[in-house]
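[1] show me the folded form of this:
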Amino acid sequence: MKEGIHPKNYRLVAFKDMSNETVFITKSTANTKETIEIDNVEYPLVKLEISNTSHPFYTGKMTLIDTAGRVDKFMNKYKKFKK
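    Numbering: from 1, shown residues only. Predicted coordinates for the structure are as follows:
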């Protein structure tokens, strides 16, 4: 393997799904300024809007996650085309 081609900041990072508060820990090089303490260990924290625990494809539920009113705006705009 070549020397010096791998990232230096490859470490354990906590990812938090903000829609359902699920947290999982995996290795990553993602930069973040926030931290979270889990089982008396402090991890860098990356916040996610959606993950496999809240995505409709994985959960089997069709839910609309609307962070800025975009879904309502779309529904109102195309309401007249609905059969």
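
[2] so the nearest residue to residue 35 once chain neighbours are set aside bridges to which residues?
    Taking Cβ to Cβ, 6 or more residues apart in numbering, and ignoring the residues beside it in sequence, residue 35 has residue 42 as its nearest neighbour in space, at 5.2 Å. To be clear about C-beta, it is placed using only N, CA and C from the backbone, and glycine gets the same treatment. In this structure, residue 42 has the following beta-bridge partners (DSSP bridges): residue 37.

[3] isn't residue 42 up against residue 25?
    No - counting by Cβ atoms under 8 Å, residue 42 stays clear of residue 25, with 11.6 Å between them.

[4] more crowded one of the two?
    For residue 42 versus residue 25, the count of surrounding residues by other Cβ atoms under 10 Å is larger for residue 25: 14 against 10.

[5] what residue lies at the spatial centre of this protein?
    The residue at the geometric middle of the chain, judged as the C-alpha nearest the mean C-alpha position with Cα atoms, centre = their mean, is residue 48 (2.3 Å).

[6] for this protein, where's the lowest mean pLDDT among helices and strands?
    Every helix and strand of the chain was ranked by mean pLDDT, DSSP states H and E. The lowest is helix 56-59, at a mean of 66.

[7] name the next helix or strand following it along the chain.
    The C-terminal neighbour of helix 56-59 among helices and strands, as given by DSSP states H and E, is helix 70-77.

[8] mean confidence for that following helix?
    Along helix 70-77, the predicted local confidence has a mean pLDDT of 77.

[9] ok now that helix, how far from the chain's centre?
    Helix 70-77 has its C-alpha centroid displaced from the chain centroid by 23 Å (Cα atoms, centre = their mean, to the nearest Å).

[10] once you drop chain neighbours, what's closest to residue 11?
    Looking at residue 11 with Cβ to Cβ, 6+ apart, the closest residue is residue 27, at 6.7 Å.

[11] ok, what's across the strand from that neighbour?
    When assigned by DSSP bridges, residue 27 has beta-bridge partners residue 12.

[12] my guess is it contacts residue 9, does it?
    No - counting by Cβ under 8 Å, residue 9 is not a contact partner of residue 27; they are 10.5 Å apart.
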